[in-house]
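Trainee: sequence plus the predicted model coming up.
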Amino acid sequence: MPGLGHKDELVKVKEGYGRNYLIPNGMATLATESKKKIHAENMRQRAHKEEKIRNEAKELAKKLEGTKVKIGAKTSTTGKIFGSVTTIQIAEKIKEVYGFEVDRKNISIKGDSIKEVGTFNAHVKLYKSEVAVDIEFEVYSE
């Protein structure tokens with residue numbers, strides 16, 4: 001519902017709605033002074049951890065930028081691939097070559113599915129949508 005906020009947000013709601021629905025269902029707690037202090041400390045620690053993860057992702061993006069990954073596939077005599085090249089294969093190749101695991105859901109192939117030999121581009125999100133890099137990958141015949 002609009003206006004209810006997200007996790008770790010302080011939101012003012014009507015007394016009955018909070019007491020009868022949000023608090024019993026575990027969706028909220030009362031914002032007492034002690035809970036506000038605990039919340040502030042948790043947010044500070046989380047920001048520190050996220051900054052560290054963001055910096056690691058930026059370093060990896062610098063390493064991946066301008067690189068080319070080669071993926072082998074079985075093809076016919078005309079250069080058509082039996083099946084297609086997927087984000088799973090790209091993620092496996094990045095892990096194999098660079099030693100960094102990227103979730104296949106964070107990789108998007110530009111264009112439609114890859115069903116022929118050639119050079120293509122993929123967009124890899126390393127940290128949320130803040131840190132991302134475009135990599136080039138080449139599909140060759142095995």
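Mentor: Okay, I see it.
Trainee: so who does the closest residue to G18 other than its chain neighbours touch?
Mentor: Spatial nearest neighbour of G18, chain neighbours left out: A28 (6.2 Å); criterion: CB to CB, 6 or more residues apart in numbering. Every C-beta, even on glycine, is put in place using the N, C-alpha and C of the backbone. A28 makes contact with V11, V13, G18, L22 under the criterion CB atoms under 8 Å, 6 or more residues apart in numbering.
Trainee: closest to T32 out of those?
Mentor: Nearest to T32 among the contacts of A28, counting by CB to CB, is G18 at 13.1 Å.
Trainee: ok, now how distant is the closest one from V102?
Mentor: Distance of G18 to V102, given as CB to CB, to the nearest Å: 41 Å.
Trainee: try A28
Mentor: The gap separating A28 from V102 is 35 Å, by CB to CB.
Trainee: from the chain's centroid, how far away is the longest helix along the chain?
Mentor: With DSSP state H setting the assignment, residue counts place helix 33-64 as the longest helix in the chain. Its chain's C-alpha centre and that of helix 33-64 lie 16 Å apart, by CA atoms, centre = their mean, to the nearest Å.
Trainee: strand partners (parallel or antiparallel) of the helix or strand just after it?
Mentor: Sequence-wise, the next helix or strand downstream of helix 33-64 (DSSP states H and E) is strand 68-73. Using DSSP bridges, the strands paired with strand 68-73 are strand 131-141 (parallel).
Trainee: so for the strand it pairs with, mean pLDDT?
Mentor: Across strand 131-141, pLDDT averages out at 90.
Trainee: ok, residues contacting it?
Mentor: So strand 131-141 is contacted by 54, 57-58, 61, 64-65, 67-75, 79, 81, 85, 90, 93-94, 114, 116-126 (CB under 8 Å, 6+ apart).
Trainee: okay, now the residue nearest to E65 when sequence neighbours are not counted: neighbour count?
Mentor: Nearest in space to E65, with sequence neighbours left out and distances taken as CB to CB, 6+ apart, is V133 at 5.3 Å. Residue crowding around V133 was assessed by other CB atoms under 10 Å; the count is 19.
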